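A.B. asks: just coords:
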């Protein structure tokens, strides 16, 4: 199996200054899996749902090659549900409800077909769950961990333990600061590298993402959108684009180079931009391969300033 | 004359969570002129000072080829002085004092040597003063205007009038939103273009700068610093780097292309990063040509992700 995706498959109810979503499909693994599916048909999704979850979304994931053998279905259970309201800046947000439902007491099970996953995307969840999934993978080539400030507040030591086991950590800028006590991001990245991950990706939302590996630094801007409808899931989509792209390049070239890593965060940024353009998973679910490639071309032109000799003063 | 620089030559007193500057040389034209001097020795500075201003700084500007024929010296006057205190994030700041002093009633005079300037950098000042300087330039090839939210609050109509006369406007993201009423930056940029400027540069501080011209968009990240000592003057230094670079490329090639514009904002970003590394003008005043070129090379590597074929999923 090429990619293992862990995360919630859930419902979101989102309000923004521009509109409301109603109750829509969301959850980290939903976004990750859709993004990954653009790059590989070999994906194993580990998650948990109640029997209130819509079958058509699951069928769509399967149509895209994702195996749901690792999806626990709780009879009579209700799926995880998050509700939030975005501020005028479309960045700050208030959580209105977090109904854990079937997440409570869930013990993730990686089915046989997922244990051989080479690329592992541990989406934002309880670090104990992330660790329990990682325990079940035989011999991963690259493990990416996403997390958030909530786990730093309530489960810092378990979080640090799982951070110590992964190759790539993705966090946002405030989370990088909280985790390390360092304000300036290059220092925060080095402090995170000292915890274990060779590569650190610091997500800055509309301001792009910085990636650090060894002495190398790479910056990927966010694609400048005419309008952001709903940024929920953008970070998950980004991570899914990164891991999916790396898995595909690894399949093609037998290795993951620094150039591949850099391209992967540009691809992740492009994928995330589509998610921002609609409520829920709608922005990413409708994409064609040429939509992605076209925007990636436009995206790369964003930072291409050509080659002209340095002028003599 | 190649470049005309308008702006304050002044004192700043700056506090940050990490230290205090004491009373140091600052002012938009000081930063701009130092940045420009890395690219051309033909510069005409238009500003006003009291006789409290330190002679060595003026001598340094002249040593770098800047003509001070347009510098008004007010006998018995005190130079403009700004004092501010930065918040923990090193972005937000409170103004503690704004002593206009010699700025009150100043009528800017462009000396003969400055009237033939080809590149005009109108640093942040009363729009009436910016307009009065522009009136005195015979035949400028490119006029860049910098401004800030204060003038949108107290002199919006005069500001719009001068914006209508320039080629390039530089403002920060919040100012672009305030000026246009548009939240999303591509729309804000188009609204500004409709006011006159063909090119709009939206500065986002530590998050880089977006440039819009026609249907083209370019993004220049900020250079990721290990530590920001004092961001005061970074925007002015950025603008000076842009104009200086364009003037030098124009001298070399006889034109200003879109590639030149894109490179100019990367150069401006690099110059600004040096200013952030020290209080006042110290970070930019000490630079050698090789410091600038070395950092520009590192800077360009930041967004260079090589060329690899798109993987087949």
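C.D. replies: Done, it's in. From a predicted model like this one, the values you see are computed outputs, not experimental measurements.
A.B. asks: Show me which residues of the stretch 1-150 of chain A are close to chain B?
C.D. replies: A:37, A:38, A:39, A:40, A:41, A:88, A:89, A:90 (C-beta under 8 Å from any C-beta of the partner chain). Quick note: C-beta positions are derived from backbone N, CA and C, even for glycine.
A.B. asks: how about CSV for those residues, with pLDDT and neighbour count added?
C.D. replies: Listed next are the residues of the stretch 1-150 of chain A next to chain B as CSV, based on pLDDT from 0 to 100; neighbours: other C-beta atoms under 10 Å in any protein chain shown:
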residue, pLDDT, neighbour count
A:37, 97, 25
A:38, 96, 23
A:39, 96, 30
A:40, 96, 25
A:41, 95, 14
A:88, 93, 10
A:89, 91, 13
A:90, 92, 20
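A.B. asks: Tell me which two of the residues you listed sit farthest apart.
C.D. replies: A:41 and A:88 (40.9 Å; C-beta to C-beta).
A.B. asks: Quick check: closest non-adjacent residue to the residue of the stretch 1-150 of chain A found nearest chain B.
C.D. replies: Going by C-beta to the nearest C-beta, chain B is nearest to residue A:39 of the stretch 1-150 of chain A, at 4.6 Å. Leaving aside its sequence neighbours, residue A:39 sits nearest to residue A:244 (C-beta to C-beta, 6 or more residues apart in numbering or on different chains; 3.4 Å).
A.B. asks: And residue A:181, its phi and psi?
C.D. replies: Backbone torsions of residue A:181, given as degrees, to the nearest 10, read phi 70, psi 10.
A.B. asks: and it, how many neighbours?
C.D. replies: The number of residues packed near residue A:181 is 9, by other C-beta atoms under 10 Å in any protein chain shown.
A.B. asks: and if you look at residue A:1?
C.D. replies: So residue A:1, with other C-beta under 10 Å, has 22 neighbours.
A.B. asks: Likewise for residue A:113?
C.D. replies: 14.
A.B. asks: Tell me who's in contact with it.
C.D. replies: Neighbour list for residue A:113: A:1, A:44, A:67, A:69 [criterion: C-beta atoms under 8 Å, 6 or more residues apart in numbering or on different chains].
A.B. asks: Give me the secondary structure label for the third one.
C.D. replies: When you say that, I think you mean residue A:67. strand (DSSP: H, G, I helix; E, B strand; the rest coil).
A.B. asks: Which of the helices or strands spans the closest residue to it other than its chain neighbours?
C.D. replies: Nearest residue to residue A:67 in three dimensions, chain neighbours excluded: residue A:44, at 4.9 Å (C-beta to C-beta, 6+ apart). For residue A:44, the host element (DSSP states H and E) is strand A:43-50.
A.B. asks: Sheet-wise, list the partners of that strand with their directions.
C.D. replies: Counting by DSSP bridges, the strands paired with strand A:43-50 are strand A:3-6 (parallel), strand A:66-74 (parallel).
A.B. asks: Identify the residues contacting the nearest residue to residue A:110 once chain neighbours are set aside.
C.D. replies: Nearest non-adjacent residue to residue A:110, counting by C-beta to C-beta, 6+ apart: residue A:136, 4.0 Å away. Residues in contact with residue A:136 (C-beta under 8 Å, 6+ apart) are A:108, A:109, A:110, A:114, A:115.
A.B. asks: Now, those that are in helices?
C.D. replies: Residues of the contacts of residue A:136 located in helices (DSSP state H): A:114, A:115.
A.B. asks: Now which of the contacts of residue A:136 would you call buried?
C.D. replies: Buried members of these, scored by 16 or more other C-beta atoms under 10 Å in any protein chain shown, are A:108, A:110, A:114, A:115.
A.B. asks: can you list the residues you listed in JSON lines and add distance to residue B:30 and pLDDT?
C.D. replies: Below are the buried ones among the contacts of residue A:136 laid out as JSON lines (distance: C-beta to C-beta, whole Å; pLDDT from 0 to 100):
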{"residue": "A:108", "distance to residue B:30": "60", "pLDDT": "98"}
{"residue": "A:110", "distance to residue B:30": "62", "pLDDT": "98"}
{"residue": "A:114", "distance to residue B:30": "62", "pLDDT": "97"}
{"residue": "A:115", "distance to residue B:30": "64", "pLDDT": "98"}
